[in-house]
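1. I'd like to go over a predicted model; first the sequence, then the structure.
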Amino acid sequence: MKEEQKVDVLIYNAGIYQCPYTKTEEGFKMQLGFNHLGHFLLTHLVLDFLKLSSPSRVVVVSSNLYKYGSINFRRPQLLCESSCNKAFFYSQSKLANIPVS
């Protein structure tokens with residue numbers, strides 16, 4: 001980012017599906033870490049630069065499979081359980097990318 005003067009748009013389109021059961025260093029399921037938390041972290045790290053580049057935008061691409069996910073916000077640690085199937089984990093991670101209004 002030091003070489004760039006301005007960022008107009010930051011687009012997140014990466015996603016992993018049905019990866020082996022692994023966790024991030026912070027203890028989250030790898031699919032959630034890669035498909036959602038990584039986007040959040042990078043945005044946080046470059047937020048000041050994005051503000052200076054105003055009007056900039058952040059776009060997060062999800063998946064139609066978000067419809068099959070569910071997130072228990074009272075017990076978010078359930079996102080890390082190994083008992084759920086890999087497709088459901090993917091759906092959870094893509095649901096996390098959908099803004100709540």
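-> Great, that's in hand.
2. Nearest the geometric middle of this protein, what residue?
-> residue 36 (0.9 Å; Cα atoms, centre = their mean).
3. which residues does residue 59 contact?
-> Contacts for residue 59 (Cβ atoms under 8 Å, 6 or more residues apart in numbering) come out as 9, 10, 11, 12. In this view, the C-beta of every residue, glycine as well, is placed from N, C-alpha and C.
4. residue ranges for the strands of this protein, please.
-> With strands called from DSSP state E, the chain shows them at 9-12, 57-60.
5. Make CSV from those and add distance to residue 100 to it.
-> Output for the strands of the chain, formatted as CSV (distance: least, Cβ to Cβ, whole Å):
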stretch, distance to residue 100
strand 9-12, 17
strand 57-60, 13
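6. before we move on, the earlier item: what's the closest non-adjacent residue to the residue nearest to the centre of the chain?
-> residue 96 (4.1 Å; Cβ to Cβ, 6 or more residues apart in numbering).
7. next one: residue 91
-> Counting by Cβ to Cβ, 6+ apart, residue 69 is the residue found nearest to residue 91 once chain neighbours are left out, at 3.3 Å.
8. pretty sure the one you found is touching residue 87, no?
-> No - with contact defined as Cβ atoms under 8 Å, residue 69 does not count as touching residue 87 (9.6 Å).
9. Count the residues that sit near the residue nearest to residue 91.
-> 20 (other Cβ atoms under 10 Å).
10. List the contacts of it.
-> Per Cβ under 8 Å, 6+ apart, neighbours of residue 69: 88, 90, 91, 92, 93, 94, 95, 96.
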